[in-house]
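Visitor: Predicted model and sequence follow; I will ask about them next.
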Amino acid sequence: MGIIVPILTLVFLLFAKVSHGASTPRVILVGGSVGAWKVPDAPNNTLNHWAENTRFKVGDFLVWKYDMKVDSVLEVTKEDYDSCNTAKPLKQYKDGHTEVHLDKSGPYFFISGAPGNCAKGEKITLVVLSERPSGDGSVAPKASPVSPTAPAPAPHNAAGGLKVASGWFLTAVVIGLAMA
């Protein structure tokens, strides 16, 4: 009996971590490295290739690190993204360490504010996945219907069905066994 309580406590803590880990916002460095916000060195080495292989969720933060003396980040409409129009950005960032909160699902479009850089490929579009309730009461990512290139949703965690009332059931079991 003496070993059961510590084991059940450990199990409870692990399930509590699993049930809350999926909704934790992440800080994502654009391009995966400092200095990735630049004109690509090859046409097949664009930030869009990186974005297609990265899952973005509502609540995440994107971070750009760049030389603010020579570049900036502009959030733009799809039309301005396609034409590299820097005249009317939705938002403009010039601080060299830009953080953007992804607060809604759907597509986001960013281009360089440096003259000519967007036309040379310094731009990125990404799709943010929304959260939707799954059958077991947890929240699972849902692909936005806007882009067919969004990454596939992650498979459900097999332990997901054990998240009974956010761990209250396991807490009651641990307390009950401790009192027995």
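Guide: Nice, thanks for sending it over. None of the values given here were measured: they were computed from a predicted structure.
Visitor: what residues are up against Lys57?
Guide: By CB atoms under 8 Å, 6 or more residues apart in numbering, Lys57 lies in contact with 25-26, 102, 128-129, 131, 141. Any C-beta I mention is one placed from the backbone N, CA and C, and that applies to glycine too.
Visitor: Got the domain ranges for this protein?
Guide: Listed by automatic domain parsing, the domain ranges of the chain are 1-22+157-180, 24-151.
Visitor: ranking the ones you listed by mean pLDDT, which is last?
Guide: For these, the bottom mean pLDDT is recorded on domain 1-22+157-180, which sits at a mean of 47.
Visitor: If any of the contacts of Lys57 are buried, give me the ChimeraX selection for them.
Guide: Restricted to buried positions by 16 or more other CB atoms under 10 Å, the ChimeraX selection for the contacts of Lys57 reads:
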select :102,128,129,131,141
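Visitor: can you list the residues that contact stretch 87-101?
Guide: The contact list for stretch 87-101 (CB under 8 Å, 6+ apart) reads 27, 59-68, 72-77, 80, 108, 113.
Visitor: Now do the buried residues in the helix or strand harbouring Asp80.
Guide: Using DSSP states H and E, Asp80 maps to helix 78-83. Buried residues in helix 78-83, counted by 16+ other CB under 10 Å: 80-81.
Visitor: Check which element follows it along the chain.
Guide: Sequence-wise, the next helix or strand downstream of helix 78-83 (DSSP H and E) is strand 91-93.
Visitor: Downstream of that next one, the next helix or strand is which one?
Guide: In the C-terminal direction, the helix or strand that comes right after strand 91-93 (DSSP H and E) is strand 97-101.
Visitor: Pretty sure Ile124 sits in a strand.
Guide: Yes. Assessed by DSSP: H, G, I helix; E, B strand; the rest coil, Ile124 belongs to a strand.
Visitor: Nearest spatial neighbour of it, chain-adjacent residues omitted?
Guide: Of all residues not flanking Ile124 in the chain, Leu47 sits nearest, at 4.0 Å (CB to CB, 6 or more residues apart in numbering).
Visitor: State whether that neighbour and Asn117 are indeed in contact, as I suppose.
Guide: No. The criterion here is CB atoms under 8 Å, and Leu47 misses it with Asn117 at 11.8 Å.
Visitor: Which stretches in this protein count as helices?
Guide: Assigned by DSSP state H, the chain shows helices spanning 4-21, 47-52, 78-83, 168-179.
Visitor: Can I get the third one in PDB? Just the C-alpha atoms.
Guide: The C-alpha coordinates for helix 78-83 follow below in PDB (Å, rounded to 0.1, in the frame of the first residue of the first chain):
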ATOM      1  CA  LYS A  78      -3.300  38.600 -49.700                       C
ATOM      2  CA  GLU A  79      -3.500  41.000 -52.600                       C
ATOM      3  CA  ASP A  80      -0.600  43.100 -51.300                       C
ATOM      4  CA  TYR A  81       1.400  39.900 -50.500                       C
ATOM      5  CA  ASP A  82       1.000  38.700 -54.100                       C
ATOM      6  CA  SER A  83       1.900  42.100 -55.600                       C
END
